[in-house]
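Novice: dropping the sequence and predicted coords here.
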2 protein chains.
Amino acid sequence: MNQVVTAFAPASVANVAIGFDILGFAVDALGDHVQLRRLPQPEVRVKAIRGVVEDLPLEAEKNTAGRALLALIESRDLPFGFEMEIDKGIPLASGLGGSAASAVAAVVAANAMLPEPMTRIELLKAAMEGEAVASGSRHADNISPSLFGGLVLTVGIDHPRVKQIPVPAQIHAVIVHPHLQVPTKQARAILSHTVHLSDFVWQTANLAGFISGCYTDDLDLIKASLEDVIIEKQRQVLIPGFAEVRAAALASGALGCSISGAGPTMFALCLESDAAAVRDAMVDAFRSQGTETDRWAVSLRSSGARVVSST
Amino acid sequence: MNQVVTAFAPASVANVAIGFDILGFAVDALGDHVQLRRLPQPEVRVKAIRGVVEDLPLEAEKNTAGRALLALIESRDLPFGFEMEIDKGIPLASGLGGSAASAVAAVVAANAMLPEPMTRIELLKAAMEGEAVASGSRHADNISPSLFGGLVLTVGIDHPRVKQIPVPAQIHAVIVHPHLQVPTKQARAILSHTVHLSDFVWQTANLAGFISGCYTDDLDLIKASLEDVIIEKQRQVLIPGFAEVRAAALASGALGCSISGAGPTMFALCLESDAAAVRDAMVDAFRSQGTETDRWAVSLRSSGARVVSST
């Protein structure tokens, strides 16, 4: 049985403009590493948190990865526990699924220590318990893509079903993280509790069009559909320069551009051949607002969380 | 050039539980026939309306098929016109897309008289102008499936894009039309203008799951997703026995059961092998409410509107 296991879980872009709370894709270029060491008692100790974020709770119950491990121990009635070290590669409150990635990396590492491995859906449920610590309620829209990789739809909360959606190979994603922080809870609080029926119809048409376009390599339909008419207009006030950055991305050939998760990171989907131009346009537009950024361009095809070492 | 053309357009089930105003499927077992005779002037005369509905407007501007033909004449600046006879096979205010079918049959017949045929998207737009007469605004959710056949998604109104969605071959539809009438305008008026955000998320998850399930032959996901959490609960009061009929369908193996369009017709999707049992259960449940019905069981694969004779 493995005594020490390290796992990596990628960052992720939730919502993807038209799939609020249900769609997300993995961003394999950055992520969190979690190293677990077996403890003789069923407990979780957070030994260290380092990397781009350090000031996270060391109390297991209040830490997303710790809470996920406790849920896993409970669900399997494990006789042993874990000492955990987290190496954060995802900035805090960036809208890139950092808390989800830590929880996912933790359960994937723990799974490599179990006598009988859990299914990915069981791991998803355990990680969702952890994510609830960070966002206030259970969501799978960052957990699922971080765990499974690629573009992922999650249907249901109590009995989640996960569907990996194929994306045309030539579509890449540009991710631009401005050096601003938007706490997820604030970004959720700004949302109206209701949606106008006409906007509902428009958004569902776009969602259905986007998914159909993905299954049929229909770039024209993907481009026409990749527009959020509900969430984006409410949250963009939290991102100074949003309109300019989005316009710059579209002017450079992006198929669509919107907010990654709760923001402030923004993403664009585009052809691989346009990715550099779209990235530069978005970075320049943020800079003209006085905001510096980090940026990545990635394929939408990736393999999700994985064990990177075990002894 | 053809002087007399007759076209058939099938009935259709709009909304399909999770695609309010955007999804629909054709029901090839019943429909409307429209016969057009060429007139020397650019005008439309409604000569006769017969069949299961007779008391429809004979004034071209107020008749859905007449209005669609006027839109077609205008869009092509035609130097000639049409005398029209309509043979209605679809009951009025049944929720089976009767007004849409007449408009579709009319434009398909007219198209066979044009020196240069229109595209199906152009025909769609003309038929939508006709449908607006019946429902008060332009909708494509009955027009598109009647015109294209099969299960059809329509994205956009001014620039509609149509996507035919593949359905697993073993899935059939049961259609049960109770002898009640629900005017479309009343069924629309009963709807709240807003949707709760949590219901919005739930419904979009179901829509995305249903469409993904169709593309991947995933019957389990289709069954889990085929549930309307927004419209059905508001409209079911217009259909005495709704809850009992739906429960009977599901107990007999249906993957899902909901309202066809604005009602009162109900539909269920099920495996072909379960279709007879589902149909009988729904018919019996309506009968126990004292309501007689017409019923059909059809494949979801069909070819849409077509010319049936021309001279």
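Specialist: Alright, I've got the coordinates.

Novice: poorly predicted segments of chain A, please.
Specialist: A:134-136 (pLDDT under 70).

Novice: residue furthest from the geometric center of it?
Specialist: residue A:40 (32.6 Å; C-alpha atoms, centre = their mean).

Novice: residues in contact with that residue?
Specialist: Listed by C-beta atoms under 8 Å, 6 or more residues apart in numbering or on different chains, the contact partners of residue A:40 are A:80-81. Every residue, glycine included, has its C-beta placed from N, CA and C.

Novice: check residue A:308 too.
Specialist: Neighbours of residue A:308 in contact, by C-beta under 8 Å, 6+ apart: A:6-8, A:33.

Novice: so which of the residues you listed is the most crowded?
Specialist: Among the contacts of residue A:308, residue A:7 has the most neighbours (other C-beta atoms under 10 Å in any protein chain shown), with 25 neighbours.

Novice: give me the distance between that one and chain B.
Specialist: 28 Å (C-beta to the nearest C-beta, to the nearest Å).

Novice: tell me the contacts of that residue?
Specialist: A:33-34, A:36, A:105-106, A:108-109, A:112, A:305-308 are the contacts of residue A:7 under C-beta under 8 Å, 6+ apart.

Novice: confirm that it sits in a strand.
Specialist: Yes: assessed with DSSP: H, G, I helix; E, B strand; the rest coil, residue A:7 lies in a strand.

Novice: put the buried members of the contacts of residue A:7 into a ChimeraX selection.
Specialist: In ChimeraX, selecting the buried portion of those, with burial taken from 16 or more other C-beta atoms under 10 Å in any protein chain shown, looks like this:
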select /A:33,34,36,105,106,108,109,112,305
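
Novice: can I get the contacts of residue A:7 in TSV with secondary structure?
Specialist: Formatted as TSV, these follow (three-state DSSP):
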residue	secondary structure
A:33	strand
A:34	strand
A:36	strand
A:105	helix
A:106	helix
A:108	helix
A:109	helix
A:112	coil
A:305	coil
A:306	strand
A:307	strand
A:308	strand
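
Novice: can the contacts of residue A:7 go into CSV with extra columns for distance to residue A:74?
Specialist: Converted to CSV, those look like this (distance: C-beta to C-beta, whole Å):
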residue, distance to residue A:74
A:33, 24
A:34, 19
A:36, 16
A:105, 19
A:106, 14
A:108, 18
A:109, 17
A:112, 19
A:305, 21
A:306, 24
A:307, 22
A:308, 26
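
Novice: nearest to chain B, out of the contacts of residue A:7: which one, please.
Specialist: Set against chain B, the nearest of the contacts of residue A:7 by C-beta to the nearest C-beta is residue A:305 (21.8 Å).

Novice: could I get the phi/psi values of the closest one?
Specialist: phi -60, psi 150 (degrees, to the nearest 10).

Novice: nearest spatial neighbour of it, skipping sequence neighbours?
Specialist: Leaving out its chain neighbours, the residue that sits closest to residue A:305 by C-beta to C-beta, 6 or more residues apart in numbering or on different chains is residue A:9, at 3.9 Å.

Novice: one more: residue A:202?
Specialist: Leaving aside its sequence neighbours, residue A:202 is closest to residue A:229 (5.0 Å, by C-beta to C-beta, 6+ apart).

Novice: same deal with residue A:164?
Specialist: Using C-beta to C-beta, 6+ apart, the nearest residue to residue A:164 is residue A:150, at 5.1 Å.

Novice: and the strands in chain A, which stretches?
Specialist: Assigned by DSSP state E, chain A shows strands spanning A:4-14, A:23-39, A:44-51, A:81-88, A:151-155, A:161-165, A:171-178, A:194-196, A:256-259, A:266-271, A:293-299, A:306-310.

Novice: can I get the ones you listed in a markdown table with distance to residue B:89?
Specialist: Shown next, in a markdown table, are the strands of chain A (distance: least, C-beta to C-beta, whole Å):
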| stretch | distance to residue B:89 |
| --- | --- |
| strand A:4-14 | 48 |
| strand A:23-39 | 41 |
| strand A:44-51 | 67 |
| strand A:81-88 | 65 |
| strand A:151-155 | 37 |
| strand A:161-165 | 39 |
| strand A:171-178 | 45 |
| strand A:194-196 | 37 |
| strand A:256-259 | 43 |
| strand A:266-271 | 45 |
| strand A:293-299 | 51 |
| strand A:306-310 | 59 |
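
Novice: quick one: closest of those strands to residue B:58.
Specialist: strand A:194-196 (38.0 Å; C-beta to C-beta).

Novice: out of the contacts of residue A:7, who's nearest residue B:245?
Specialist: residue A:305 (45.4 Å).

Novice: how far away is the closest one from residue B:278?
Specialist: Here the criterion is C-beta to C-beta, to the nearest Å. By it, residue A:305 lies 42 Å from residue B:278.

Novice: of the contacts of residue A:7, closest to residue A:13?
Specialist: Taking C-beta to C-beta as the measure, residue A:13 lies nearest residue A:305 of the contacts of residue A:7, at 15.5 Å.

Novice: so that closest one touches residue A:146, yeah?
Specialist: Yes: Residue A:305 lies in contact with residue A:146 (C-beta atoms under 8 Å); the separation is 5.9 Å.

Novice: overlap of the contact sets of these two?
Specialist: Residues touching both residue A:305 and residue A:146 by C-beta under 8 Å, 6+ apart: A:9-10, A:31, A:101, A:104.

Novice: now those as TSV including neighbour count?
Specialist: Listed next are those as TSV, based on neighbours: other C-beta atoms under 10 Å in any protein chain shown:
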residue	neighbour count
A:9	35
A:10	30
A:31	26
A:101	36
A:104	39
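
Novice: out of the residues you listed, the closest to chain B would be?
Specialist: residue A:104 (20.2 Å).

Novice: show me which residues of chain A sit near chain B.
Specialist: Applying C-beta under 8 Å from any C-beta of the partner chain, one finds that chain A approaches chain B through A:19-23, A:153-156, A:159, A:161, A:163, A:165, A:191-197, A:200-201, A:203-209, A:211-213, A:215-216, A:218, A:220-221, A:224-225, A:230.

Novice: name only those of those residues that count as buried.
Specialist: Buried, going by 16+ other C-beta under 10 Å: A:19-23, A:153-156, A:161, A:163, A:165, A:194-195, A:197, A:200-201, A:203-209, A:211-213, A:215-216, A:218, A:221, A:224-225, A:230, out of those.

Novice: helices - which of these land there?
Specialist: Counting by DSSP state H, the part of those found in helices is A:197, A:200-201, A:203-209, A:211-213, A:215, A:221, A:224-225.

Novice: closest one to residue B:118 among the strands of chain A?
Specialist: strand A:256-259 (30.6 Å).

Novice: who does that closest one touch, helix- and strand-wise?
Specialist: helix A:232-235, helix A:242-251, strand A:266-271 (3 or more C-beta pairs under 8 Å, 6 or more residues apart in numbering or on different chains; DSSP states H and E).

Novice: neighbouring strands - and their directions - for it?
Specialist: strand A:266-271 (antiparallel) (DSSP bridges).

Novice: just the CA atoms of the partner strand, as CSV, please.
Specialist: Provided in CSV are the C-alpha atoms of strand A:266-271 (Å, rounded to 0.1, in the frame of the first residue of the first chain):
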residue,chain,number,x,y,z
MET,A,266,-11.4,36.1,-18.3
PHE,A,267,-11.3,33.5,-21.0
ALA,A,268,-11.7,33.3,-24.8
LEU,A,269,-12.2,30.4,-27.1
CYS,A,270,-10.6,30.7,-30.5
LEU,A,271,-8.9,28.8,-33.2
